[in-house]
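Mind looking at a prediction? Sequence and model below.
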Amino acid sequence: MSQSTPYVDPAYPGWYWDPTTQQWHPVPGQSIAPQQPAAPTAEQTQQLAQYVAQYQQWQANYAQTAAPRIQGATIGMHLKRAIDWNVSDVMLSPREKTQLDAAGVGEPRMQAFLAWRRSTMLMALPILLLGVILSFVDAGKKGTDGRTDLGNLVLWLPSISLALVPIGAWVAISRWTELRKSSRTLIICWALSIVVPLLIALLPIDAIYDVDSVRATDIANGLTASQAGADIFSARVLLAVQYALALLPVIITVPSGVIKGAGRVKFLFPAAALPGWFLITVAPFYSIFLVVVFVLIDQIVGNFLLVVGVGVLAFTPWLFVLRRKVYGRSMSIAEAQAELPKAGRLGGYLTFAGFALVVIFMLTAKVEGMRVVGSDSNKAVFSYLQVGRTAVEVFGRNLITAVVFCMIFLSMVFAEWRAMQELRPDIRAEHDMEMQALRRYTDAHSASAATNG
């Protein structure tokens, strides 16, 4: 029903009923009956009620279609949030602000955190889906000859477990204004995607391949028993190398996620010292871990360019240790806005340079006449599919792992603050005495060292 079809009493032409004023009015520009219609009859009252209901429905529909569309976040905003360490400085779109207010999230810093979490997962979701597709394609290209029934199942389990990560991310995105339940779902899916490949890697080769059948085939083909044993041993070594390379995205992203999660929570709550100390203590282990992981690759395809690139990447975490006086202390929001970006800027430059050197190496280097990366696996050490799958999985997992550990550190900071608030006076006094004694010892030791020096 349109707005231009008012109710008109046929007995009194020129008069129409206005439901807003509940009165009869003359139609402009038309001749009207000598007198205004009398009070409506019962039948007219029913017709008027029906008209008023239709008119009100039209008004509601018109208001809904005519209401201006609330602007949401753009792809550029989502991308900037995902790579930015300063979680507390996220700018909300009008639509996000409306949704968070409707969900009862009124604290600005929590609004910024939830918006950052949503943007990071939105950027990671298509990358993770691509990684899952490439993982299934790679698994489908592997042969099943000599595999047991368990071995055929194990062939697909890593891809299936990887698919849990985008599922958890989608659940968290759909409930992005709620923190606790959506975070629990994401963490469970993320943990299963790590545990399943690790359990598969622990399975002995005898459970995956029918070793006795392979040995019998080798002997039937003319090999001696010792030669067949050496062939099986080589297969064990090759399988171990394949597992190490397959676990590379899983292993690298965990310590990296710890650092990124702790760094973002330090931006969010700069007065908390706990995230900063995690940065300082985990960074050296992550650096050593990177070197150990790349030792295998370096021995297979290494050259000077790869060593330099990995060296730059391994040195970058030590910047947190060198700037421990910034990250390890409590600071105000204003101090954090000024000092933390300055401290982390050099790390970003070094990380970009390290990755650039590794990419240049992979695209240009050759090992024993073979390209490091190529389309033909017989003419290259790694195929484009293998490298692409690993790179996509590392990048997608890295984003999600940062979100996971950010939520874990958020819970830890809150638990620490609540524990200090609920500390009994007698326990607080004992703790203060212990810390004062430790302080006297460290001060005396520092003074003695300065005197002897």
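Received the coordinates, thanks.

Please parse this protein into its domains.
15-66, 75-209, 247-447 (automatic domain parsing).

would you list those in CSV and tack on distance to residue 237 and mean pLDDT?
For every residue, glycine as well, the C-beta is placed using N, CA and C. Output for those, formatted as CSV (distance: least, Cβ to Cβ, whole Å; pLDDT from 0 to 100):
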stretch, distance to residue 237, mean pLDDT
domain 15-66, 67, 64
domain 75-209, 10, 87
domain 247-447, 12, 83
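
out of those domains, nearest to residue 228?
Closest to residue 228 of the domains of the chain is domain 75-209 (Cβ to Cβ; 13.1 Å).

residue closest to the middle of this protein?
Ranked by distance to the mean C-alpha position of the chain (Cα atoms, centre = their mean), the top residue is residue 400 at 2.4 Å.

Wait, a strand at residue 372?
Yes. Assigned with DSSP: H, G, I helix; E, B strand; the rest coil, residue 372 falls within a strand.

The stretch 201-350 of the chain: helices as residue ranges?
Taking DSSP state H, counting those that start in this stretch to define them, one finds helices in the stretch 201-350 of the chain at 205-208, 211-220, 225-246, 248-268, 274-301, 304-315, 318-322, 324-327, 333-364.

and residue 437, which of the ones you listed is closest to it?
Evaluated with Cβ to Cβ, those place helix 274-301 nearest to residue 437, the distance being 21.1 Å.

for the closest one, packing partners?
helix 225-246, helix 248-268, helix 304-315, helix 318-322, helix 324-327, helix 384-421 (3 or more Cβ pairs under 8 Å, 6 or more residues apart in numbering; DSSP states H and E).

Looking at those helices, spot the one closest to residue 86.
Closest among the helices and strands packed on helix 274-301, using Cβ to Cβ: helix 248-268, at 4.9 Å.

which helices and strands sit right next to the closest one?
Partner elements for helix 248-268 (3+ Cβ pairs under 8 Å, 6+ apart): helix 108-141, helix 180-201, helix 274-301, helix 333-364, helix 384-421.

Out of the helices of the stretch 201-350 of the chain, which is the most enclosed?
helix 248-268 (a mean of 23; mean count of other Cβ atoms under 10 Å).

residues near the nearest residue to residue 183 once chain neighbours are set aside, how many?
Leaving aside its sequence neighbours, residue 183 sits nearest to residue 407 (Cβ to Cβ, 6 or more residues apart in numbering; 4.7 Å). Residues contacting residue 407 under the criterion other Cβ atoms under 10 Å number 22.

Hmm, residue 407 is touching residue 184, no?
No. Contact criterion Cβ atoms under 8 Å: residue 407 and residue 184 do not qualify, at 9.2 Å.

Reformat the domains of the chain as CSV; add distance to residue 218.
Shown next, in CSV, are the domains of the chain (distance: least, Cβ to Cβ, whole Å):
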stretch, distance to residue 218
domain 15-66, 75
domain 75-209, 11
domain 247-447, 22
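
which residues touch residue 177?
Taking Cβ atoms under 8 Å, 6 or more residues apart in numbering, we find residue 177 in contact with 99-100, 102-103, 105, 114.

and residue 450, what pLDDT?
We have a pLDDT of 61 for residue 450.

repeat for residue 237
Reported pLDDT for residue 237: 76.

contacting residues for it?
Counting by Cβ under 8 Å, 6+ apart, residue 237 has no contacts.

Residue 282 now?
255, 258-259, 262, 317.

Out of these, which two sit at the greatest distance?
Among these, 262 and 317 lie farthest apart (Cβ to Cβ), at 11.6 Å.

Find the helix or strand that residue 381 is a member of.
strand 380-383 (DSSP states H and E).

What residues sit buried inside that strand?
380-383 (16 or more other Cβ atoms under 10 Å).

Farthest-apart pair in those residues, please.
381 and 383 (8.9 Å).

What about the residue nearest to residue 341 when sequence neighbours are not counted, how many residues nearby?
Nearest in space to residue 341, with sequence neighbours left out and distances taken as Cβ to Cβ, 6+ apart, is residue 86 at 6.5 Å. The burial count assigned to residue 86 is 18, neighbours taken as other Cβ under 10 Å.

Residue 86 touches residue 342, doesn't it?
No. Between residue 86 and residue 342 there is no contact under Cβ under 8 Å: 11.7 Å.

could you dump the helices and strands packed on helix 274-301 to JSON lines with distance to residue 215?
As requested, these are exported to JSON lines (distance: least, Cβ to Cβ, whole Å):
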{"stretch": "helix 225-246", "distance to residue 215": "5"}
{"stretch": "helix 248-268", "distance to residue 215": "31"}
{"stretch": "helix 304-315", "distance to residue 215": "38"}
{"stretch": "helix 318-322", "distance to residue 215": "49"}
{"stretch": "helix 324-327", "distance to residue 215": "57"}
{"stretch": "helix 384-421", "distance to residue 215": "29"}
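
among those helices, which is nearest residue 120?
helix 384-421 (5.4 Å).

That closest one packs against which elements?
helix 108-141, helix 149-174, helix 180-201, helix 248-268, helix 274-301, strand 370-374.

which of the residues in the shortest one are buried?
So the one you mean is strand 370-374. For strand 370-374, a neighbour-count test (16+ other Cβ under 10 Å) marks 371-374 as buried.

ditto for the second one
The neighbour-count criterion (16+ other Cβ under 10 Å) identifies 151, 154-155, 158-166, 168-173 as the buried residues of helix 149-174.

Run through who's touching stretch 359-376.
300-301, 303, 305-306, 309, 379-384, 387.
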